[in-house]
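Asks: Here is my input, please return the structure:
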Amino acid sequence: MKSTFAIVMTLFVTLTSFGTNNSLIFGDNNVVVATFKGVTDDGEYKFIDANKTVLLFSEISEEIDLDLSDSDNVNSKFSITWENAESEVYDEEGEPTGETVTIKRIIKLKAAK
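Replies: Sure thing, here's the model as predicted:
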């Protein structure tokens, strides 16, 4: 019994020592429920969550079948799973500059109530 308690306590201390950054345990994926507001002039997918925070996503995984360019999806609420990803920067001629930027990529998208 003492060894079980010691193991549980060690596990608890180890997990809580990670603080609020649990990406080592849960990965770098984030989940939010937000309302789709359309595509911006820059081609980003704009959502607004319940706290009125604007969320912009640069890419959508090819595995997602839902077409956000369809105007029927505007003002619909979705559960969005997203990840930070690195994307190459291109110049005016479409050539890679060698620089990268961090973007938000939607990896799962489903209708929410």
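
Asks: rest of the way, CA atoms for contacts and neighbours
Replies: OK.

Asks: can you tell me which residues contact the residue nearest to the spatial centre of the chain?
Replies: The residue lying closest to the centre of the chain (CA atoms, centre = their mean) is residue 82, at 1.9 Å. Taking CA atoms under 8 Å, 6 or more residues apart in numbering, we find residue 82 in contact with 29, 30, 31, 104, 105, 106, 107, 108.

Asks: helices and strands of the protein: which one bottoms out on pLDDT?
Replies: Lowest mean confidence among the helices and strands of the chain (mean pLDDT, DSSP states H and E): helix 23-26, at a mean of 40.

Asks: quick one: strands adjacent to the longest strand seen in the chain?
Replies: In the chain, with assignment by DSSP state E, the single longest strand is strand 96-111. Neighbouring strands of strand 96-111 in its sheet, by DSSP bridges, are strand 59-60 (parallel), strand 77-90 (antiparallel).

Asks: so how far is the shortest one from its chain's centroid?
Replies: When distances are taken as CA atoms, centre = their mean, to the nearest Å, strand 59-60 is centred 10 Å away from the chain's centroid.

Asks: What of the last one?
Replies: Between the centre of strand 77-90 and the centre of its host chain there is 6 Å, according to CA atoms, centre = their mean.
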